[in-house]
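Peer 1: return a 3D structure for these sequence lines:
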Amino acid sequence: PSADLSRYASLHDSGGISTRQIADAAETLFDEDSAGTTQAFVLMRDGRILAERYGEDIDPETKLLSRSIGKTVTATLIGLMVSDGRLALESPAPIPAWSQPGDPRGAITLRNLLQMTSGLEHIEDSEPLYTADSVRMLFTEGARDMATYAEAKPIAHPPGSHFTYSTADTMILSDLMTRMLTNSDQPDRRRSAMEEFIRGRLMTPAGLSSLTPEYDARGTMIGGAMMHMTARDYVRFGELLRNQGRVNGHQLLSARWVAFMTTPSDRNPAYGGHLWLNREGGDGNPLFPGRGSRRIFAAIGHHGQYLVVDPTRRLVILRMGLSTAEQYGAVRRGLLRLVELFPQG
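Peer 2: As a prediction, the model looks like this:
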């Protein structure tokens, strides 16, 4: 279908790719019957926004809820703490609940938590949905203290031996970071310590002024599912990762850390350090294995949220929306068409 160019807040050509080609390629994302509701679409190339379109009652200033895209923000914050020497990738995670001699959870490393190989018992999705650990942790009996719910789970597999996608692993990382910043158990102090770190180390230097995490009643950042940013700040965050942690010539995040995040884990070639990778053979890969570059990576959230980065085409593409599982295929097809519109190199 031919797109209505007037619906775009901004639209520019690039290197021989016309505005008409870009808009027509994006049209699948706005077909509500096949792809659901797209709240925001932004395409950036070489750090410049080429296309930008918003849904009803949404504009460039609207903060949009992240879902699991927030996991990648959490992993970035962890990387800053590793660079500071506060945490170490290969060391056992210092969780007080796992500190008793002989507790097998004491062997879980930071790497295990970031690569979803902690081995902790966890069910991310189930039928009925309210029985899933992710839902119970975020919305019912675990909601007031999500990290304690996650940290109390027993071992189901030896750490490092099995991939299980787990929002709980990310909540453990959120709690771990907070305890590196403050010894206080007071929720307000825990929250303030984390907010100060995020503002000083990521928001201000990376220009992500709209970044707004949510916190549970204990003052732990809900880093696995609930952060808010404008669409433009999401693509700025993606651009930070595309540039291997550099912003305006400054190395904000270690390039080695970005390399870790974008390297396949031993237990799932489609998953790195809180990022999905465009690799064949992965467990439930939501990208486009076999199509596009194998260097493509993405932060992906529930309801068809995608922040796709293709270093080979110098692209960052955001799609925020509300889709059913049956509509995810159309969303992926639309994103792939946009990616393949641009030449590599």
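
Peer 1: which stretches of the stretch 101-250 of the chain form helices?
Peer 2: Taking DSSP state H, counting those that start in this stretch as the test, the helices found in the stretch 101-250 of the chain are 110-114, 133-139, 146-151, 167-181, 187-198, 204-206, 231-242.

Peer 1: so which elements touch the first one?
Peer 2: In terms of contact count using 3 or more C-beta pairs under 8 Å, 6 or more residues apart in numbering; DSSP states H and E, helix 110-114 is assigned the packing partners helix 69-84, helix 167-181. For every residue, glycine as well, the C-beta is placed using N, CA and C.

Peer 1: got these as CSV, with mean neighbour count and mean pLDDT columns?
Peer 2: Below are the helices and strands packed on helix 110-114 laid out as CSV (neighbours: other C-beta atoms under 10 Å; pLDDT from 0 to 100):
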stretch, mean neighbour count, mean pLDDT
helix 69-84, 23, 98
helix 167-181, 25, 98
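
Peer 1: out of the ones you listed, nearest to P101?
Peer 2: With C-beta to C-beta as the measure, helix 167-181 is the member of the helices and strands packed on helix 110-114 nearest P101 (20.5 Å).

Peer 1: quick one: contacts for the most centrally placed residue in the chain?
Peer 2: Centroid check for the chain by C-alpha atoms, centre = their mean gives I69 as the closest residue, at 2.7 Å. Residues near I69 by C-beta atoms under 8 Å, 6 or more residues apart in numbering: 227, 234, 299-301, 305, 307.

Peer 1: now render the helices of the stretch 101-250 of the chain as JSON lines, adding distance to A93.
Peer 2: As requested, these are exported to JSON lines (distance: least, C-beta to C-beta, whole Å):
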{"stretch": "helix 110-114", "distance to A93": "6"}
{"stretch": "helix 133-139", "distance to A93": "18"}
{"stretch": "helix 146-151", "distance to A93": "10"}
{"stretch": "helix 167-181", "distance to A93": "6"}
{"stretch": "helix 187-198", "distance to A93": "17"}
{"stretch": "helix 204-206", "distance to A93": "26"}
{"stretch": "helix 231-242", "distance to A93": "23"}
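
Peer 1: in the stretch 201-345 of the chain, which spans are strands?
Peer 2: 212-213, 227-229, 246-247, 250-251, 276-277, 297-301, 305-310, 315-322 (DSSP state E, counting those that start in this stretch).

Peer 1: and these as JSON lines, adding mean neighbour count and distance to Q186?
Peer 2: Shown next, in JSON lines, are the strands of the stretch 201-345 of the chain (neighbours: other C-beta atoms under 10 Å; distance: least, C-beta to C-beta, whole Å):
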{"stretch": "strand 212-213", "mean neighbour count": "20", "distance to Q186": "18"}
{"stretch": "strand 227-229", "mean neighbour count": "23", "distance to Q186": "22"}
{"stretch": "strand 246-247", "mean neighbour count": "16", "distance to Q186": "33"}
{"stretch": "strand 250-251", "mean neighbour count": "10", "distance to Q186": "34"}
{"stretch": "strand 276-277", "mean neighbour count": "24", "distance to Q186": "36"}
{"stretch": "strand 297-301", "mean neighbour count": "25", "distance to Q186": "31"}
{"stretch": "strand 305-310", "mean neighbour count": "25", "distance to Q186": "33"}
{"stretch": "strand 315-322", "mean neighbour count": "25", "distance to Q186": "34"}
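
Peer 1: what about the nearest residue to H303 once chain neighbours are set aside, distance to G36?
Peer 2: Leaving aside its chain neighbours, H303 sits nearest to L322 (4.9 Å; criterion: C-beta to C-beta, 6 or more residues apart in numbering). L322 sits 6 Å away from G36, going by C-beta to C-beta, to the nearest Å.

Peer 1: quick one, what contacts the residue of the chain most remote from its centre?
Peer 2: Most distant from the centre of the chain: P101, at 34.3 Å, with distances by C-alpha atoms, centre = their mean. Not one residue lies near P101 by C-beta under 8 Å, 6+ apart.

Peer 1: okay, S126: pLDDT?
Peer 2: Predicted confidence (pLDDT) for S126: 85.

Peer 1: residue contacts, it?
Peer 2: A132 are the contacts of S126 under C-beta under 8 Å, 6+ apart.
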